[in-house]
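**Student:** Give me a model of this one.
(2 chains)
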Amino acid sequence: MLVLSRKCDQSLLLGDDIVVTVLGIEGDRVKLGIKAPRSVAVLRQEVFEQIQAANTASATPTARPALKSVAAALRTRAQ
Amino acid sequence: MPTTLEQPLLTATPAVTSAEPAILFPDGLVGCPDWKRFVLLVDEDEDLPVAVLRSLDNPDIELLVTDPTLVDPHYAARAGVDANSAAVYCTLSIGDDGWITANLLGPIVVDRRTREAHQVVLSESGYTTRHPLARADGA
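**Tutor:** So this is what the prediction gives:
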């Protein structure tokens, strides 16, 4: 892993079109500004992992009830 | 626990068919970059609040999805989506505790015209990946 030190208001370039700027440091929190093309997903790592886990969980057909019983449960909720 | 748990989802609902062309995720899903080609399976006999996104590459991958307006009528707008041009789905999971939860943090947005889809992340929305909806056994 590359390790760099940056001060407030200093930036890093990732490739040609991604800029990460240190906007502030408060205690153990670092505030970062990220400029990236819309096509680049910028996610907190834990959010990425949560969504990956949700995708995998949703796709796991084991122990899943029939579609109509899920529908019935959701309808019960809606009433 | 529901007595129907051991029934495979789609064999238990033989009327489920695909009425629509394939949905393509050019980047795959978040954390699952190989999940690119799906078809939406809906029950043709009944208007159910759930459907299945089945992978065209790996038939073992079936995502249970719902319409998030069930949870929040303004969900599409909050997700920054024009409901006229894109359809929004949220995946459902059924936990070991029997709860059906919806991933409201990472909805699937499908362009109605091109059928291109992306899983978007509503980072600052306060939504979670496990929003509880109902118990699978109806309790």
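**Student:** need the strands for chain B, in chain order.
**Tutor:** B:16-18, B:23-24, B:37-43, B:50-55, B:62-66, B:86-94, B:99-102, B:108-111, B:117-119, B:131-135 (DSSP state E).
**Student:** From chain A, how far off is B:Leu64?
**Tutor:** 6 Å (Cβ to the nearest Cβ, to the nearest Å). Backbone N, C-alpha and C define where each C-beta goes, glycine included.
**Student:** Which residues are in contact with that residue?
**Tutor:** A:Ser58, A:Arg64, A:Leu67, A:Val70, B:Leu9, B:Val50, B:Ala51, B:Val52, B:Thr91, B:Leu92, B:Ser93, B:Ile94 (Cβ atoms under 8 Å, 6 or more residues apart in numbering or on different chains).
**Student:** repeat for B:Ala83
**Tutor:** Shown in contact with B:Ala83 (Cβ under 8 Å, 6+ apart): B:Ala76, B:Ala77.
**Student:** repeat that with 6 Å
**Tutor:** B:Ala76 (Cβ atoms under 6 Å, 6 or more residues apart in numbering or on different chains).
**Student:** List phi and psi for it.
**Tutor:** phi -60, psi -20 (degrees, to the nearest 10).
**Student:** what's the answer for A:Thr56, then?
**Tutor:** According to degrees, to the nearest 10, A:Thr56 has phi -70, psi -40.
**Student:** Count residues in the vicinity of the nearest residue to it once chain neighbours are set aside, would you?
**Tutor:** Nearest residue to A:Thr56 in three dimensions, chain neighbours excluded: B:Cys32, at 7.2 Å (Cβ to Cβ, 6 or more residues apart in numbering or on different chains). For B:Cys32, the neighbour count with other Cβ atoms under 10 Å in any protein chain shown is 18.
**Student:** what sits against the residue in chain B positioned nearest to chain A?
**Tutor:** Per Cβ to the nearest Cβ, B:Gly31 is where chain B lies closest to chain A, at 2.5 Å. Going by Cβ under 6 Å, 6+ apart, B:Gly31 touches A:Phe48, A:Gln52.
**Student:** Return the per-residue confidence for it.
**Tutor:** On pLDDT, B:Gly31 comes in at 95.
**Student:** With A:Val30 instead?
**Tutor:** Looking at A:Val30, the pLDDT reads 96.
**Student:** so which strand or helix has it?
**Tutor:** In this structure, A:Val30 is located in strand A:29-35 according to DSSP states H and E.
**Student:** Only the buried residues of that strand, if you could.
**Tutor:** Residues of strand A:29-35 include none that count as buried (16 or more other Cβ atoms under 10 Å in any protein chain shown).
**Student:** is any part of that strand close to chain B?
**Tutor:** No. Residues of strand A:29-35 are not located near chain B by Cβ under 6 Å from any Cβ of the partner chain, the shortest gap being 11.5 Å.
**Student:** Next to chain B in this structure, residues from chain A, please.
**Tutor:** So far as Cβ under 6 Å from any Cβ goes, chain A lies against chain B at A:43, A:48, A:50-52, A:54-55, A:57-59, A:61, A:63-67, A:69-71, A:73-74, A:76-77.
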